[in-house]
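J.: Have a look; sequence and predicted model below, questions after that.
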Amino acid sequence: MGKPEWTWSFVTAQLTNWWFLATGVSLISCSILWMYILKKYPFSMAYPLASMSYVFGMLAAIFIFHEEVPPTRWLGVVLIMGGCYFIAK
(Lines give C-alpha, C1' and ligand atoms only; values in the text may rest on other atoms or scores of the structure.)
Protein backbone atom coordinates (compact mmCIF):
# COMPACT_ATOMS: atom_id res chain seq x y z
CA MET A 1 0.00 0.00 0.00
CA GLY A 2 2.83 2.37 0.71
CA LYS A 3 2.81 5.46 2.88
CA PRO A 4 -0.70 6.99 2.99
CA GLU A 5 -0.84 10.40 1.34
CA TRP A 6 -3.67 12.66 0.25
CA THR A 7 -2.48 12.87 -3.33
CA TRP A 8 -4.20 11.89 -6.55
CA SER A 9 -1.42 9.44 -7.45
CA PHE A 10 -1.87 7.61 -4.12
CA VAL A 11 -5.64 7.32 -4.65
CA THR A 12 -5.29 6.02 -8.21
CA ALA A 13 -2.60 3.57 -7.08
CA GLN A 14 -4.98 2.16 -4.46
CA LEU A 15 -7.87 1.92 -6.93
CA THR A 16 -5.71 -0.27 -9.16
CA ASN A 17 -4.39 -2.37 -6.26
CA TRP A 18 -5.98 -5.83 -6.56
CA TRP A 19 -5.81 -6.53 -2.81
CA PHE A 20 -7.58 -3.27 -2.07
CA LEU A 21 -10.27 -4.00 -4.68
CA ALA A 22 -10.74 -7.56 -3.40
CA THR A 23 -11.27 -6.17 0.09
CA GLY A 24 -13.97 -3.83 -1.19
CA VAL A 25 -15.72 -6.60 -3.14
CA SER A 26 -15.61 -8.85 -0.07
CA LEU A 27 -17.09 -6.11 2.11
CA ILE A 28 -19.91 -5.41 -0.34
CA SER A 29 -20.63 -9.15 -0.73
CA CYS A 30 -20.70 -9.63 3.03
CA SER A 31 -23.07 -6.68 3.47
CA ILE A 32 -25.47 -8.00 0.84
CA LEU A 33 -25.37 -11.48 2.39
CA TRP A 34 -26.03 -10.02 5.85
CA MET A 35 -29.06 -8.09 4.53
CA TYR A 36 -30.38 -11.26 2.93
CA ILE A 37 -29.93 -13.20 6.18
CA LEU A 38 -31.74 -10.50 8.15
CA LYS A 39 -34.59 -10.60 5.64
CA LYS A 40 -35.04 -14.36 6.05
CA TYR A 41 -34.33 -14.87 9.77
CA PRO A 42 -35.14 -12.94 12.95
CA PHE A 43 -32.34 -10.76 14.29
CA SER A 44 -32.43 -12.56 17.64
CA MET A 45 -31.37 -15.73 15.81
CA ALA A 46 -29.11 -14.35 13.07
CA TYR A 47 -26.87 -12.14 15.20
CA PRO A 48 -25.81 -14.78 17.74
CA LEU A 49 -25.08 -17.21 14.91
CA ALA A 50 -22.52 -14.71 13.63
CA SER A 51 -20.34 -15.93 16.51
CA MET A 52 -19.59 -18.97 14.35
CA SER A 53 -16.87 -16.75 12.86
CA TYR A 54 -14.85 -17.50 16.01
CA VAL A 55 -15.04 -21.20 15.17
CA PHE A 56 -13.88 -20.55 11.60
CA GLY A 57 -11.10 -18.35 12.96
CA MET A 58 -9.93 -21.19 15.19
CA LEU A 59 -9.91 -23.59 12.25
CA ALA A 60 -7.95 -21.06 10.18
CA ALA A 61 -5.43 -20.72 13.00
CA ILE A 62 -4.87 -24.46 12.96
CA PHE A 63 -4.96 -25.34 9.27
CA ILE A 64 -3.68 -22.15 7.62
CA PHE A 65 -1.39 -20.56 10.21
CA HIS A 66 -0.30 -23.85 11.88
CA GLU A 67 -0.80 -22.52 15.41
CA GLU A 68 -1.03 -24.56 18.59
CA VAL A 69 -4.44 -24.19 20.22
CA PRO A 70 -4.63 -24.72 24.00
CA PRO A 71 -7.46 -26.74 25.57
CA THR A 72 -9.09 -23.64 27.07
CA ARG A 73 -9.71 -22.23 23.60
CA TRP A 74 -11.16 -25.56 22.49
CA LEU A 75 -13.53 -25.32 25.43
CA GLY A 76 -14.55 -21.85 24.24
CA VAL A 77 -15.22 -23.18 20.73
CA VAL A 78 -17.34 -26.01 22.13
CA LEU A 79 -19.36 -23.54 24.22
CA ILE A 80 -19.91 -21.28 21.21
CA MET A 81 -21.05 -24.20 19.07
CA GLY A 82 -23.36 -25.37 21.85
CA GLY A 83 -24.88 -21.91 22.13
CA CYS A 84 -25.41 -21.74 18.38
CA TYR A 85 -27.08 -25.15 18.49
CA PHE A 86 -29.58 -23.98 21.13
CA ILE A 87 -30.26 -20.71 19.28
CA ALA A 88 -30.89 -22.46 15.96
CA LYS A 89 -33.07 -25.15 17.53
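T.: The structure has been received and is ready for your questions.

J.: so who does residue 76 touch?
T.: residue 54 (Cβ atoms under 8 Å, 6 or more residues apart in numbering). C-beta here means a position set from N, CA and C on the backbone, and glycine is covered the same way.

J.: Which of the three states applies to it?
T.: Recorded secondary structure, residue 76: helix (DSSP: H, G, I helix; E, B strand; the rest coil).

J.: Next: residue 6.
T.: coil.

J.: I'd like to know how many residues surround it.
T.: Using other Cβ atoms under 10 Å, residue 6 has 6 other residues around it.

J.: Distance check, the most centrally placed residue in the chain against residue 82.
T.: The chain has residue 53 as the residue nearest its centroid, 6.0 Å off, counting by Cα atoms, centre = their mean. For residue 53, the distance to residue 82 equals 16 Å [Cβ to Cβ, to the nearest Å].

J.: Then residue 8?
T.: For residue 8, the distance to residue 82 - Cβ to Cβ - is 53 Å.

J.: ditto for residue 41
T.: 19 Å.

J.: next one: residue 58
T.: 15 Å.

J.: quick one, domains of this structure?
T.: Domains of the chain are assigned by automatic domain parsing as 1-40, 42-89.

J.: what residues does stretch 81-89 touch?
T.: Counting by Cβ under 8 Å, 6+ apart, 45, 48-49, 51-52, 55 sit against stretch 81-89.

J.: who's in contact with the longest helix along the chain?
T.: In the chain, taking DSSP state H as the definition, the longest helix is helix 18-40. The contact list for helix 18-40, computed with Cβ under 8 Å, 6+ apart, reads 1, 14-15, 46.

J.: same thing but at 6 Å, please
T.: 14, 46 (Cβ atoms under 6 Å, 6 or more residues apart in numbering).
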